[in-house]
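Asker: Mind looking at a prediction? Sequence and model below.
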Amino acid sequence: MEDPERKPAIAAGFRGGRYISAEASARGEWMPDGAKQPGFDAYATSKQAILASAMVFARETPRLHFNAIEPGSIQRPVSGGGDTGTLMRLLQKFVIPLLVPLVISFMKILSIPKRSAKVITGIMTDGSGQTGVYYDERGNPMRGSALVRDPKF
């Protein structure tokens with residue numbers, strides 16, 4: 001969600017990381033023309049900072065391996081507690097679990113914890129020695145935003 005050019009980010013309403021400075025971020029201030037949804041700029045900027053940090057660590061400490069992973073949108077079980085009506089509890093228990101795998105197969109950005117764990121484990125146990133790689137939700141190398149790729153950032 002840190003890359004304003006990435007289609008899933010655009011579709012969800014993100015405008016990418018909006019970093020100004022650490023001080024501005026602590027005050028909740030972001031670059032102008034951000035997302036309309038509350039919290040989206042903070043979320044995207046935090047992802048941008050994590051990714052940029054991993055890339056800096058990879059460049060500055062070549063004897064260690066630093067990579068980043070975009071796990072995708074993780075589909076978690078919907079809770080059925082509280083004041084959820086009977087119909088909704090039945091849908092959550094019997095219908096929604098059947099639909100999640102179907103939806104995930106068509107929407108490549110979506111994932112489930114088990115699939116994400118498999119991708120992350122594969123990357124962490126890879127013996128190739130690669131460092132400074134940003135992986136997508138399927139475990140394929142991808143590029144971060146232009147700002148993250150800029151060593152000056």
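Answerer: Everything's here; your move. This structure is a prediction, so every number in the text was calculated from the model and none was measured. Residues are numbered from 1 along each chain as shown.
Asker: which other residues reach stretch 23-42?
Answerer: For stretch 23-42, contacts defined as Cβ atoms under 8 Å, 6 or more residues apart in numbering pick out 1, 13, 14, 15, 18, 19, 20, 44, 45, 49. For every residue, glycine as well, the C-beta is placed using N, CA and C.
Asker: Go ahead and list the helix or strand containing residue 122.
Answerer: Element membership for residue 122, per DSSP states H and E: helix 113-124.
Asker: List the buried residues in that helix.
Answerer: For helix 113-124, the neighbour count (16 or more other Cβ atoms under 10 Å) marks 115, 116, 119, 123 as buried.
Asker: Stretch 45-62 now?
Answerer: Using 16+ other Cβ under 10 Å as the test for burial, stretch 45-62 gives 45, 47, 48, 49, 51, 52, 54, 55, 57, 58.
Asker: possible to save these as CSV with secondary structure?
Answerer: Formatted as CSV, the buried residues of stretch 45-62 follow (DSSP: H, G, I helix; E, B strand; the rest coil):
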residue, secondary structure
45, helix
47, helix
48, helix
49, helix
51, helix
52, helix
54, helix
55, helix
57, helix
58, helix
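Asker: Identify, from these, the entry nearest to residue 64.
Answerer: Among these, residue 57 lies closest to residue 64 (Cβ to Cβ), at 7.4 Å.
Asker: Fine by me, thanks again.
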